[in-house]
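In: What follows is a predicted protein model with its sequence.
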Amino acid sequence: MLLLYPGGVSETEMLFPYGSTMFASKVGQLAGNHFATITKGQEHLKELGRRTLWEGAQDIVVEET
C-alpha cells in the first residue's frame, strides 16, 4: 500500500507501510488515505526502509500501470 497524509496537524507525508503499522505524530494518531497498492517489488520494501533509516532519503520511481 501507499498511504498519503495530506498535511494539517503534521507535514505532508507519503508512506510505504509494511507489516503492522501505526501512523502518528507528536499530537497523536493520524489518518492516512490508501491511494495505491504496490503490485510488484514488495520484497524490496524492507531494504528500502533499512536504507532510508541509515542512509537518509532514497530516490524512488512511482509508475501507474
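Out: Nice, thanks for sending it over.
In: Apart from its chain neighbours, what residue comes closest to the residue nearest to the spatial centre of the chain?
Out: Centroid-nearest residue in the chain, with C-alpha atoms, centre = their mean: Leu15, separated by 1.3 Å. Closest residue in space to Leu15, ignoring its immediate chain neighbours: Leu3 at 4.4 Å, by C-beta to C-beta, 6 or more residues apart in numbering. No exception for glycine: its C-beta is placed from N, CA and C like everyone else's.
In: if I look at that neighbour, how far off is Glu55?
Out: 22 Å (C-beta to C-beta, to the nearest Å).
In: do Gly7 as well
Out: Gly7 sits at a distance of 26 Å from Glu55 (criterion: C-beta to C-beta).
In: Next up, the contacts around Ala36.
Out: Met1, Leu2, Val62 (C-beta atoms under 8 Å, 6 or more residues apart in numbering).
In: now, among those residues, which is nearest to Gly41?
Out: The closest of the contacts of Ala36 to Gly41 turns out to be Val62 (C-beta to C-beta; 11.1 Å).
In: How far does stretch 8-21 stretch from one end to the other?
Out: One end of stretch 8-21 to the other measures 20 Å (C-alpha to C-alpha, to the nearest Å).
In: actually stretch 29-44, not the one I wrote
Out: Terminal-residue distance, stretch 29-44 (C-alpha to C-alpha): 27 Å.
In: Pull out the buried positions in that stretch.
Out: Of the residues in stretch 29-44, Gly32 count as buried by neighbour count, 16 or more other C-beta atoms under 10 Å.
In: Any idea how far that stretch is from the middle of the chain?
Out: 6 Å (C-alpha atoms, centre = their mean, to the nearest Å).
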